[in-house]
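[1] quick one, structure for this:
(chains A and B)
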Amino acid sequence: MALFKESIAKALRLELKEKDFSLEQATEFLEKPPKAEMGDYSLPCFRLAKAFQQSPAQIANQLQVKLASKKISGIEKIEAIGGYLNFFVEKKALAETVLNTVLKEKQKYGQNYSGKKQTVMIEYSAPNSNKPLHIGHLRNQSIGMALVRTFEANGYKVVKANLVNDRGIHICKSMLAYQKWGKEETPKSSGLKGDHLVGKYYVLFAQKAKENPRLEEEVLKMLKKWEADDKAVRALWKKMDAWAQQGFSETYKLFGSEFDKVYKESELYDKAGPIVQKALEKGIFEKEEDGSVIARLKNHGLSDKIALRKDGTSIYLTQDLVLTPTKFKDFKLDKAFWIVASEQDLYFRQLFKIFELLGEPWAKNCVHVNYGLVNLPSGRLKSREGITVDADDLIEEMKQLALKEIKKRHAKISEKEAEKRALLIALAAIKFFLVKTEFQKNLLFNPKESLSFEGETGPYVLYSYARAKSILRKAKGTKEKIRFDTLKSAPEKKLLALLQSFPTVVEKIPINFSLHSLAQFLLELAAGFNSFYHELPVLNAEPETRTARLALVEATAWVLHNGLEMLDIQSIEQM
RNA sequence: GGGCCCGUAGCCUAGUGGAUAGGGCAACUGCCUUCUACUCACAAAAAAUUGUGGGAUGCGAGCAGUAGGUCGGGAGUUCGAAUCUCCCCGGGCCCGCCA
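    From the prediction side, this is the model:
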């Protein structure tokens, strides 16, 4: 598909080679002009000025004259403007290449094999089983699943993993509160989803502990009992853990988050012995007088990190020490990604540094995908105080809004169909909102304003897709020969150029995690389609134009569909 | 005190060495033939209904125009800086027994 660029680069090289420029360099020099009327490819001549000992404008003019005398295949015009040499792709050739490719590859258009079947693990979500999932998890999961889909589209084999933090002091807090004030309440008797019920006692603990600080000591005792395998404590833990996990899996299913492998901290925390021993022998870890074990990282540009408590019990680091080598071994991973918020940036640098010092060859293949926090207008989410945006509630709320809109538009729609569409629209709105900005930035979530159906939103992209499909439905397979040369207006050309650039957008994601540029691309494509739709008739056009425009509509629909799919958003035929 | 990240119109955001800084929200002004509901004609059917062609109106998850900018501030590098370097200011996160 990069055919045009290639032939320009080849022609350029013939002109440039006397000045020692390679084909790669010539290709690299070519860029996309900021505006469509400036052409399809552009060569800024500024950096050639030194080698040519001439002004950029002179160089552009000379190259223009030389290149114009030779025919470059697929290029219809070359212009020199103020130091830039602009190339215009022949409209017919562009239309023919792009549409034939998309309509042939269909749902595969956009995919490539740059991943060469390498195996990567994407670990995401990582809930704590003492409270329900919140909007922060949804951001995590939206990023996680979108990366899974895009890595797959790039030819990687992806293992989707989750690490559940199902033990520790925070878990005991909800357990203790339940033990004291739970009155044998169950999900059934309370009507609450399991994870919500557990979360209720986590909040209750925080309230009670404010009045009675001695609860904190009791909780520590409970943790000790848990680690000592105390029967009663373990039974309570099992019961509440099952409630929480059941709740999570319902939310995962609803939101579309999937996992091939679920790890549990409770099964890992006590298996760190050998690796800690090895680190101690190598002098990476040191034992303090009080019995705690500490990772010495100060000489490596990081701060020291506790690896084991003075009583010998595990902390969070311990299980990643155990789990990471296992991951690489069990799945023969080429790379491992952790989708975790930016607050843990230092932690991961410490973890990876420890592996590097241990001499693990895969240490350099560990990547922390570091995304910003989701904040509320009032500040940070505080699960302990119940100041949070619950995932289930948010999905339900958005669904109700979508449902209202659907019913306004379709008086006769069946309840079942309306519900189905409403959920997909709600999920599209949420997921799109959460990936459309660069994810290093913190996200301010204003419940009243953030999730709209208008403007730069998931539903806007869905709506454009539904419009395209509606035209195709009404057109019914009219299959005459496509006259590619009829697609020559500005909106059509814009669409074609966008369709062509889709694979390039996809290709870059494994390199810089630029999910947001895929989202931005889809917005641009949807906007391009809507202008086209508005300006040019399809069904009522002259027969020859009609078939060509139908092909363009169909190709646009495929790309919208494929792009949405890569963001883990399901497209719908009607809204 | 140190480390990492962020700072672009009232708000949100793209652009990270190249052309006049590109979008969205909110505001104002238009437009709308394929979306949506309505309606008419014709055709098919026992009927619910379906198909084809037309009409006028409206909705808004549609299109466009207007308006809105010291790219946090300053210095430097460069033919060229929102983009690179340095200093400063503001915000967020983190800095040995939370996760």
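
[2] who in the stretch 301-450 of chain A is up against RNA strand B?
    Contact residues, the stretch 301-450 of chain A versus RNA strand B (CB under 7 Å from any atom of the strand): A:303-306, A:309-311, A:315-316, A:342-347, A:372-373, A:380, A:402, A:405-406, A:408-412, A:425, A:437-438, A:440-444, A:449. For the C-beta atoms, the positions are set from N, CA and C on the backbone; glycine is no exception.

[3] filter those down to just the buried residues.
    A:305, A:315, A:344, A:347, A:372, A:402, A:405-406, A:425, A:437, A:443 (16 or more other CB atoms under 10 Å).

[4] and the residues you listed, which of them are in helices?
    A:347, A:402, A:405-406, A:425 (DSSP state H).

[5] check contacts around the residue nearest the centre of chain A.
    Note on chain A: the residue nearest the mean C-alpha position is A:I143, at 3.0 Å, using CA atoms, centre = their mean. Counting by CB atoms under 8 Å, 6 or more residues apart in numbering, A:I143 makes contact with A:124, A:339, A:369, A:371, A:434-435, A:439, A:515.

[6] any chance of a PyMOL selection covering the buried ones in those residues?
    Filtering those down to the buried ones (16+ other CB under 10 Å) takes a single PyMOL command:
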select buried, chain A and resi 124+339+369+371+434+435+439+515
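
[7] now intersect the contacts of A:I143 with the strands, please.
    Mapping the contacts of A:I143 onto strands (DSSP state E) picks out A:339, A:369, A:371.

[8] generate TSV for those residues, with pLDDT as supplementary columns.
    Below are the ones in strands among the contacts of A:I143 laid out as TSV (pLDDT from 0 to 100):
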residue	pLDDT
A:I339	96
A:V369	94
A:Y371	93
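
[9] among those residues, which one sits closest to RNA strand B?
    Proximity of the ones in strands among the contacts of A:I143 to RNA strand B (CB to the nearest atom of the strand) peaks at A:Y371, which lies at 9.4 Å.

[10] what sits against the nearest residue to the closest one once chain neighbours are set aside?
    Residue nearest to A:Y371 in three dimensions, not counting chain neighbours: A:F439, with 3.9 Å by CB to CB, 6 or more residues apart in numbering. By CB under 8 Å, 6+ apart, the contact list for A:F439 reads A:139, A:143, A:371-372, A:513, A:515-516.

[11] and if we set it to 10 Å?
    Residues near A:F439 by CB atoms under 10 Å, 6 or more residues apart in numbering: A:139-140, A:142-143, A:146, A:339, A:341-342, A:369-372, A:513-516.

[12] quick revisit: in JSON lines, list the ones in strands among the contacts of A:I143 along with distance to A:V98.
    Output for the ones in strands among the contacts of A:I143, formatted as JSON lines (distance: CB to CB, whole Å):
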{"residue": "A:I339", "distance to A:V98": "34"}
{"residue": "A:V369", "distance to A:V98": "32"}
{"residue": "A:Y371", "distance to A:V98": "34"}
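
[13] closest to A:W362 out of those?
    Comparing these against A:W362 with CB to CB places A:V369 closest, at 16.9 Å.

[14] so the closest one bridges to which residues?
    Beta-bridge partners of A:V369, counted by DSSP bridges, are A:I339.

[15] pretty sure it is in contact with A:I509, am I right?
    No: if you go by CB atoms under 10 Å, A:V369 and A:I509 don't touch, sitting 11.5 Å apart.

[16] find residues that contact each of the two.
    Contact criterion CB under 10 Å, 6+ apart; residues shared by A:V369 and A:I509: A:L147.

[17] okay, A:K479: pLDDT?
    Note for A:K479: predicted pLDDT of 59.

[18] now the two most distant members of the contacts of A:I143.
    With CB to CB as the measure, no two of the contacts of A:I143 lie farther apart than A:V369 and A:L434, at 14.0 Å.

[19] give me the common contacts of the two.
    Between them, A:V369 and A:L434 share the contacting residues A:140, A:143, judged by CB under 10 Å, 6+ apart.

[20] walking through the stretch 201-350 of chain A, point out its helices one by one.
    A:214-227, A:231-255, A:273-281, A:316-331, A:345-357 (DSSP state H, counting those that start in this stretch).

[21] tabulate those helices (JSON lines), appending distance to A:P33 and mean pLDDT.
    Formatted as JSON lines, the helices of the stretch 201-350 of chain A follow (distance: least, CB to CB, whole Å; pLDDT from 0 to 100):
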{"stretch": "helix A:214-227", "distance to A:P33": "62", "mean pLDDT": "91"}
{"stretch": "helix A:231-255", "distance to A:P33": "40", "mean pLDDT": "96"}
{"stretch": "helix A:273-281", "distance to A:P33": "54", "mean pLDDT": "92"}
{"stretch": "helix A:316-331", "distance to A:P33": "44", "mean pLDDT": "93"}
{"stretch": "helix A:345-357", "distance to A:P33": "37", "mean pLDDT": "95"}
